[in-house]
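Q: quick one: sequence plus predicted model below, questions after.
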Amino acid sequence: MSFGERLTLSRKRRKLTQGELGKAVGTTGDMIGKYEREVITPTIEVVGRMAEVLNVSLDYLIRNITSESDTSKSLPPLLTDKLQYIEKLSAGDQDHILSVIDAFIAKSKLESITK
């Protein structure tokens, strides 16, 4: 299930309209619709607010897990704490952090190929 599908399902389970969810997270219903259709991708900050309003984990919305209660793929508490802090940073700072993470992932992949 994709991000947009999980978002739509969670919103409907809470009996919220796109407009209601948009207002609750500080955006518009039109933007929620675009997120659900995956026309655009929300910032991690917006996804965090949606997870809170929808009473689902951030993991559930952004990762490919099968249910809201699937804990077998939960992040370790240390990473969860860090992600919660990162959610509070500006979009620019979040982009920098993601760039660094991407660089480490690329380095790791390259090292595994050359071994």
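A: Here it is on my side, so go on.

Q: hey, which helix or strand in the chain has the poorest pLDDT?
A: Least confident helix or strand, the chain: helix 77-87 with a mean of 80, by mean pLDDT, DSSP states H and E.

Q: return the residues in contact with the closest residue to Asn55 other than its chain neighbours.
A: Leaving aside its sequence neighbours, Asn55 sits nearest to Arg14 (CB to CB, 6 or more residues apart in numbering; 7.1 Å). From N, CA and C alone the C-beta is placed, and that goes for glycine too. Going by CB atoms under 8 Å, 6 or more residues apart in numbering, Arg14 touches 53-55.

Q: give the rounded mean pLDDT of the helix or strand following the least confident helix or strand of the chain.
A: Following helix 77-87 in sequence order, the next helix or strand is helix 91-114 (DSSP states H and E). Helix 91-114 carries an average pLDDT of 86.

Q: pLDDT value on the spatially most central residue of the chain, please?
A: With distances taken as CA atoms, centre = their mean, the chain has Ile62 as the residue nearest its mean C-alpha position (4.0 Å). At Ile62, the model reports a pLDDT of 86.

Q: where's it relative to Glu111, distance?
A: 26 Å (CB to CB, to the nearest Å).

Q: show me the protein divided up by domain.
A: Following automatic domain parsing, the chain resolves into domains at 3-62, 77-114.

Q: okay, these, which one's buried deepest?
A: Highest mean neighbour count among these (mean count of other CB atoms under 10 Å): domain 3-62, with a mean of 17.

Q: ends of that domain, how far apart?
A: Chord length of domain 3-62, first to last residue, is 6 Å (CA to CA, to the nearest Å).

Q: tell me which of the contacts of Arg14 fall in helices.
A: Within the contacts of Arg14, residues falling in helices by DSSP state H are 53-54.
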